[in-house]
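Visitor: sequence? don't have it. structure:
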């Protein structure tokens, strides 16, 4: 399965949406942004949540 990940790094939330090549929505996730420490902290959380949701 080929996916596109659309990520929005916001000041309050970091959000991600996964879409299949054909345009079908696979899932979404969000977490508080961690811009004061390291933006990758919030990014890791949303990717983990998206993966966990997709695996169900």
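Guide: Noted; the coordinates are in hand. The shown structure was predicted, so the numbers you read here are calculated from the model rather than taken from an experiment. Numbering: from 1, shown residues only.

Visitor: just checking, which helix or strand of the protein averages the lowest pLDDT?
Guide: helix 39-54 (a mean of 79; mean pLDDT, DSSP states H and E).

Visitor: may I have the phi/psi pair for the closest residue in space to residue 13 that isn't next to it in sequence?
Guide: Here the nearest residue to residue 13 in space, its sequence neighbours aside, is residue 30; by Cβ to Cβ, 6 or more residues apart in numbering that works out to 4.9 Å. All C-beta atoms are positioned from the backbone trio N, CA, C, and that covers glycine. Per-residue torsions, residue 30: phi -150, psi 160 (degrees, to the nearest 10).

Visitor: distance check, the residue nearest to residue 6 when sequence neighbours are not counted against residue 3.
Guide: Leaving out its chain neighbours, the residue that sits closest to residue 6 by Cβ to Cβ, 6+ apart is residue 17, at 4.6 Å. Note on residue 17: its distance to residue 3, by Cβ to Cβ, to the nearest Å, is 10 Å.

Visitor: neighbour count winner among those two?
Guide: Legend: neighbour count by other Cβ atoms under 10 Å for residue 17 and residue 3, higher for residue 17 (17 against 12).

Visitor: point to the residue nearest the middle of this structure.
Guide: residue 16 (2.8 Å; Cα atoms, centre = their mean).

Visitor: element containing it?
Guide: Taking DSSP states H and E as the criterion, residue 16 maps to strand 13-20.

Visitor: quick one: that strand to helix 39-54, angle?
Guide: 40 degrees (axes from the mean of the first three to the mean of the last three Cα atoms, to 10 degrees).
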